[in-house]
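In: based on what follows, work out the 3D shape:
(4 chains)
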2 protein chains.
Amino acid sequence: MKTSSKARYSLRLVIDIAQNESNGPVPLSEVSRRQGISLKYLEQLVMALTKAKLLKSVRGQQGGYLLARSAEQITAGDIMRSSEGSFNPVACLAGDADDCPNQGSCSSSTFWAGMRRAIDDYADSVTIATLAHEPDLMLERSC
Amino acid sequence: MKTSSKARYSLRLVIDIAQNESNGPVPLSEVSRRQGISLKYLEQLVMALTKAKLLKSVRGQQGGYLLARSAEQITAGDIMRSSEGSFNPVACLAGDADDCPNQGSCSSSTFWAGMRRAIDDYADSVTIATLAHEPDLMLERSC
DNA sequence: GTAATTCCTAGAGGTTTAGTATGAATTGCA
DNA sequence: TGCAATTCATACTAAACCTCTAGGAATTAC
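Out: Numbering: from 1, shown residues only, chains lettered A, B, ... in the order given. Predicted structure coming up:
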């Protein structure tokens, strides 16, 4: 059980934008340089984030990305859900509950539902504003 | 982000043993029949669980598996950790912290460490005894 | 000694992930 | 007007991982 690098990079991407959008839209080329992530990969990540309305884009020259809401109103959980889909430990918690003859009434599905909630609650308790406030500490690459 | 079927099946396997070990060691052939999981796959799952000292094996005819401790003393978290390895959202929380120049001091690693703790805390709050107490509800297959 | 069982290793087949490639559409600015 | 910077869209590939199967060796009750 682990997070995808897509989610990790997406988090760094959004934090980077939060830290730099005061000068106007932040182009991915700058994020790429600062974070050491290829431009092409960032383009892919950013699509999910704009579709989820966490970022908004400005096209053309001098364009880039801005947070769609204030950094206080975006949580790490928002980022994770948009980049990995929601945490669905088992099939019967996702859409395909038809497979499960005892939907909603078995003790293990209760367990997995509680797991999902525990994860979402934690991730939603951390805002981008909090994460963006330690700029020097975000320089490293592996997180 | 999802749990592996290895973890889901392992949980059902351990619950099944908890429910049936009163008559002596539970052979995997019976678990296979009851749970609809192939014997060969169960053999693989059980290896991790015995190595983690959650189950103990009795070899030979009339052999099988028993819980290594009482069902109250085994948590769902124990099962998950033994079957998927511990939840390590990012590299710097696992062994290979060398890759990370700012190990332990960046805000995102703090976030991921908190995530791991939230998951472990929840999973460790649920015991096998609790899960084993609703036998009729464990018949279904998708959880 | 035979049958039931655990134990061990290997690997096939499918899916997912991570990342690259190519190019079209949009727009500010000289 | 045209160029350059940018977003947007799609397709692709190589590697990793996951799920499950297979074959057979070791152990032990009866």
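
In: residue A:28 and residue A:57 touch, don't they?
Out: No - contact criterion CB atoms under 8 Å: residue A:28 and residue A:57 do not qualify, at 9.9 Å. In this view, the C-beta of every residue, glycine as well, is placed from N, C-alpha and C.

In: name the residues contacting each of the two.
Out: Common contacts of residue A:28 and residue A:57, defined by CB atoms under 8 Å, 6 or more residues apart in numbering or on different chains, comprise A:46, A:64, A:65.

In: possible to save those as JSON lines with pLDDT, distance to DNA strand C and neighbour count?
Out: Formatted as JSON lines, these follow (pLDDT from 0 to 100; distance: CB to the nearest atom of the strand, whole Å; neighbours: other CB atoms under 10 Å in any protein chain shown):
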{"residue": "A:46", "pLDDT": "96", "distance to DNA strand C": "12", "neighbour count": "21"}
{"residue": "A:64", "pLDDT": "96", "distance to DNA strand C": "11", "neighbour count": "22"}
{"residue": "A:65", "pLDDT": "97", "distance to DNA strand C": "14", "neighbour count": "25"}
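
In: show me the shaky parts of chain A.
Out: Applying pLDDT under 70 to chain A flags residues A:86-107, A:134-143.

In: center of it, which residue is that?
Out: Central residue of chain A (CA atoms, centre = their mean): residue A:79, 1.7 Å from the mean position.

In: any idea which helix or strand carries it?
Out: Assigned by DSSP states H and E, residue A:79 falls within helix A:76-84.

In: ok now that helix, how far from the chain's centre?
Out: Computed by CA atoms, centre = their mean, to the nearest Å, the chain-centroid distance of helix A:76-84 equals 3 Å.

In: which positions in the helix or strand following that helix come out as buried?
Out: Downstream of helix A:76-84, the first helix or strand assigned by DSSP H and E is helix A:107-124. Within helix A:107-124, the residues that count as buried by 16 or more other CB atoms under 10 Å in any protein chain shown are A:107-116, A:118-120, A:122-123.

In: and those, which is closest to residue A:129?
Out: Each of the buried residues of helix A:107-124 was scored against residue A:129 by CB to CB, and residue A:123 proved nearest at 14.7 Å.

In: OK, contacts around that closest one?
Out: Residue A:123 neighbours (CB under 8 Å, 6+ apart): A:75, A:76, A:77, A:80, B:115.
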